[in-house]
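Trainee: below is the sequence, then the predicted model.
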Amino acid sequence: MHLVPGADVYVEDQHIGEIDILGFLGQEVVAGEVKTSAEDFTPEQIDKDLKIAVAVGADVYVVASTGAIGQAQRAVAREKADEAGCHLMIIDWES
């Protein structure tokens, strides 16, 4: 595993955003977002994060938080990751 914490992403010299996790897990590209507040994973934020993940060719989309990610947020992330063709990895902690 090799991860870069925080990466600016450019496509054809155009900055499309920043992603908190970018790297490789074996042969798979991993990209995703880390939030200190799990509530920040809104459907709009997930769409934004997935757009960047897809742009870098991510196989795995990571949603991580220092708090607990609710079931509704998990369902949205899973649905949107499936639509984008990415596997979903959720990492969270109970407070």
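Mentor: Looks like it came in fine.

Trainee: residue 92: what's it in contact with?
Mentor: Residue 92 is in contact with 38, 64, 65, 66, 67, 68, 69, counting by CB atoms under 8 Å, 6 or more residues apart in numbering. C-betas here are computed from N, CA, C, even on glycine.

Trainee: whoops, residue 32 was the one
Mentor: Residue 32 sits in contact with 19, 20, 21, 49, 53, 58, 60, 61, 62, 63, 64, 89, where contact means CB under 8 Å, 6+ apart.

Trainee: look at it and tell me its secondary structure.
Mentor: strand (DSSP: H, G, I helix; E, B strand; the rest coil).

Trainee: just residue 48 next, same as before
Mentor: helix.

Trainee: what is the burial count for residue 23?
Mentor: Counted by other CB atoms under 10 Å, the residues lying close to residue 23 total 18.

Trainee: kindly report the same for residue 39.
Mentor: Count around residue 39 with other CB under 10 Å applied: 12.

Trainee: check the gap between it and residue 7 for me.
Mentor: 24 Å (CB to CB, to the nearest Å).

Trainee: what do you get for residue 45?
Mentor: 17 Å.

Trainee: ok so, going back, for residue 83, state which of the contacts of residue 32 is nearest.
Mentor: Set against residue 83, the nearest of the contacts of residue 32 by CB to CB is residue 61 (10.8 Å).

Trainee: partner strands of the longest strand anywhere in the chain, with direction?
Mentor: In the chain, taking DSSP state E as the definition, the longest strand is strand 14-25. Applying DSSP bridges to the sheet, strand 14-25 is found paired with strand 2-11 (antiparallel), strand 28-35 (antiparallel).
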